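**Q** sequence and predicted model, in that order:
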Amino acid sequence: MYDTIIIGAGMSGLAAGIRLAHYDQRVCLLERHYTIGGLNSFYRLRGRDYDVGLHALTNFTPKGARTGPLARLLRQLRFRWEDFELAEQVGSAIAFPDVRVRFGNGIGLLTSEIERAFPNQRENFQRLINKIVDYDDLNDDLFAMSTRQVLAETLTEPLLAEMLLCPLMWYGNAREDDMDFGQFCIMFRSIFVEGLARPLAGVRLILKNLIRRFRQLGGELRLRAGVERIHVEDGRAVGVVLDNGTELRARNILSSAGWVETMRLCDDGQPVDVDQAGKMSFVESVSVLDTLPSRLGHHETIVFFNDHPTFDWHRPAEHLCDMRTGVICSPNNYLYGDSDTSRHLPEGVIRITAIASYDRWTQLPEEEYTLEKLRWYDRLCASAVRFMPDYRRHVVDVDFFTPRTIQRFTWHDNGAVYGCPQKHWDGQTHLRNLFVCGTDQGMVGIIGAITSGISVANRYLLTG
């Protein structure tokens with residue numbers, strides 16, 4: 001009998017496991033795949049290490065900061081700031097036709113750039129910041145307000161509204177076309193007010209430290225241990241049955257598998273509304289270069305681009321991908337410290353992400369699927385070089401993943417990276433001892449996922 005069984009060894013599950021194990025709970029962490037990390041993992045291909053999903057870690061604050069999500073999670077998990085070895089971004093940009101706005105860590109650069117590009121919006125932008133500062137996290141009605149409506153009421157320049165939406169939707173919005181104002185406030189703070197960073201050794205460093213701490217505290221990890229169903233008796237989740245038939249029992253169960261996916265596992269006949277599942281999925285290319293991006297004239301950490309004045313955020317209706325908007329990220333363009341070049345990435349890397357149709361990618365026959373990956377890699381690169389120096393003749397190796405890849409390694413319906421649009425902020429389900437954490441609890445990104453696992457563990461599993 002376990003105190004808690006956790007489904008999914010992603011960031012939120014690992015963080016919850018550590019928090020519970022700190023208080024001597026007997027915890028079993030179950031992972032369907034052969035490796036940990038979920039949406040934020042890593043792999044090795046043709047002798048090179050690749051990160052999955054990691055563009056940047058949001059909510060960055062410098063060493064010594066006592067406030068903010070990063071500082072809080074380090075205290076809760078009892079890590080030092082040095083354990084994550086974070087390097088700050090060099091600087092990023094939002095690029096629309098004829099307008100490019102830069103931003104860095106802290107609100108200062110973004111503010112000055114908006115004053116330069118949109119001088120008549122200075123006071124309006126300050127009004128928007130005031131609304132974000134005054135936003136009440138506990139007010140559900142405010143959370144669900146339309147961000148587009150709020151921006152239209154606050155800013156008189158539509159292009160500025162579209163440009164602000166672009167990076168915040170790209171880095172954490174499950175809702176098509178619009179964004180909950182509460183989510184907008186969370187993402188605005190995490191990206192523009194706090195900032196972006198990257199672990200020196202990539203996501204593997206964070207995962208290595210999390211899993212080492214979990215095991216040191218006596219936590220049990222089972223890989224290749226997919227959950228077939230959650231067994232329910234008398235309104236309680238009493239345990240799980242694994243794919244191989246093994247039965248495990250626990251006082252509480254915490255799932256990071258996603259809301260719809262977790263409801264589907266329950267064997268009590270609870271209705272499952274599959275339409276609640278998220279729809280936003282992506283393709284991503286990773287290009288390894290024979291030179292550093294900075295030597296080609298590309299110095300920005302991340303570029304959020306959009307090739308027309310209106311930012312459209314929804315699944316492609318007619319094509320496999322939407323090339324009109326995307327994200328360009330260079331893991332080389334972080335402040336790693338010039339005094340120790342051994343800590344820099346050994347090769348140049350460019351990552352490009354675009355919106356994709358899960359349905360269209362999964363309906364392709366295998367041979368056609370392979371060919372389409374090649375075609376869309378070329379199209380994705382061609383789309384990106386409109387907003388950065390052309391790097392294509394320097395490419396020495398590539399990888400490309402699609403919504404099929406995401407679904408295979410996360411089991412999220414529709415390959416949805418940001419989960420379902422309707423979040424479950426309290427982490428509760430219809431069963432009094434089954435809880436959810438992670439993306440569908442409402443927190444996105446590495447810091448958000450870790451914070452989610454900690455907060456649900458603290459609220460429900462360390463009490464009573």
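**A** Received, thanks. Residues are numbered from 1 along each chain as shown.

**Q** which residues touch stretch 68-87?
**A** 15, 18-19, 22, 57, 59-61, 63-65, 190, 194, 197-201, 205-206, 209-210, 213, 334-337, 447-448, 450-451, 454, 458 (Cβ atoms under 8 Å, 6 or more residues apart in numbering). (Each C-beta comes from the backbone N, C-alpha and C, glycine too.)

**Q** again with stretch 291-301
**A** Against stretch 291-301 from outside (Cβ under 8 Å, 6+ apart): 56, 89-93, 102, 196, 328-330, 332-334, 348-350, 388-391, 394.

**Q** quick check: the nearest residue to N458 once chain neighbours are set aside vs E318, distance?
**A** Distances taken as Cβ to Cβ, 6 or more residues apart in numbering put R19 closest to N458, at 6.7 Å, once the chain neighbours are dropped. Per Cβ to Cβ, to the nearest Å, R19 is found 46 Å from E318.

**Q** among these two, which residue is more densely surrounded?
**A** Neighbour totals were compared for R19 and E318, and R19 leads with 26 against 7 (other Cβ atoms under 10 Å).

**Q** check the secondary structure at the more buried one for me.
**A** Secondary structure assignment for R19 (DSSP: H, G, I helix; E, B strand; the rest coil): helix.

**Q** doesn't I454 make contact with it?
**A** Yes - R19 is within contact range of I454, at 5.2 Å (criterion: Cβ atoms under 8 Å).

**Q** all strands for the stretch 51-200 of the chain, in order.
**A** 86-88, 92-96, 99-103, 197-199 (DSSP state E, counting those that start in this stretch).

**Q** ditto for the stretch 301-450 of the chain
**A** 302-306, 321-329, 348-356, 395-401, 434-436.

**Q** now the ones you listed in CSV, with mean neighbour count?
**A** As requested, these are exported to CSV (neighbours: other Cβ atoms under 10 Å):
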stretch, mean neighbour count
strand 302-306, 24
strand 321-329, 22
strand 348-356, 23
strand 395-401, 16
strand 434-436, 27
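
**Q** looking at those, which is closest to F409?
**A** Nearest to F409, of all the strands of the stretch 301-450 of the chain, is strand 395-401, at 9.0 Å by Cβ to Cβ.

**Q** out of the contacts of stretch 68-87, which end up buried?
**A** Buried members of the contacts of stretch 68-87, scored by 16 or more other Cβ atoms under 10 Å, are 15, 18-19, 22, 57, 59-61, 190, 194, 197-201, 205-206, 209-210, 213, 334, 336, 447-448, 450-451, 454.

**Q** which ones among these are found in helices?
**A** Cross-referencing the buried ones among the contacts of stretch 68-87 against helices under DSSP state H gives 15, 18-19, 205-206, 209-210, 213, 447-448, 450-451, 454.

**Q** longest helix in the chain, by number of residues?
**A** Under DSSP H, the chain gives helix 366-384 as its longest helix.

**Q** is T353 bridged to anything, and to what?
**A** With DSSP bridges applied, T353 shows beta-bridge pairing to E284, V327.

**Q** so what's V274 up against?
**A** V260, D413.

**Q** re earlier: report pLDDT for the residue nearest to N458.
**A** pLDDT for R19: 97.

**Q** could you check how far it is from V240?
**A** Distance, R19 to V240, using Cβ to Cβ: 20 Å.

**Q** what is the neighbour count of D275?
**A** D275 has 8 nearby residues by other Cβ under 10 Å.

**Q** neighbours around E82, how many?
**A** 8.

**Q** show the pLDDT at it.
**A** With respect to pLDDT, E82 has a value of 88.

**Q** for E31, same thing?
**A** 95.

**Q** what do you get for T405?
**A** 89.

**Q** residues contacting it?
**A** By Cβ under 8 Å, 6+ apart, T405 lies in contact with G415.

**Q** now it: how far from F42?
**A** Taking Cβ to Cβ, one finds T405 at 14 Å from F42.

**Q** please apply the same query to A87.
**A** For A87, the distance to F42 equals 17 Å [Cβ to Cβ].

**Q** likewise for A257?
**A** For A257, the distance to F42 - Cβ to Cβ - is 21 Å.

**Q** the two: which is more packed in?
**A** Shown here are A257 and F42; by other Cβ under 10 Å, A257 has more neighbours (28 against 20).

**Q** OK, contacts around that one?
**A** I7, G8, V227, L265, W411.

**Q** reformat these as a markdown table; add neighbour count.
**A** Converted to a markdown table, these look like this (neighbours: other Cβ under 10 Å):
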| residue | neighbour count |
| --- | --- |
| I7 | 27 |
| G8 | 29 |
| V227 | 23 |
| L265 | 22 |
| W411 | 17 |
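
**Q** farthest-separated two in the residues you listed?
**A** Of all pairs drawn from the contacts of A257, the greatest distance, 11.2 Å, lies between G8 and L265 (Cβ to Cβ).

**Q** now do the shared contacts for those two.
**A** S255, A257.

**Q** domains in the chain, by residue range?
**A** Per automatic domain parsing, the structural domains of the chain span 2-85+202-276+421-461, 109-188, 279-410.

**Q** dump those into a markdown table; add distance to D98 as well.
**A** Shown next, in a markdown table, are the domains of the chain (distance: least, Cβ to Cβ, whole Å):
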| stretch | distance to D98 |
| --- | --- |
| domain 2-85+202-276+421-461 | 25 |
| domain 109-188 | 10 |
| domain 279-410 | 9 |
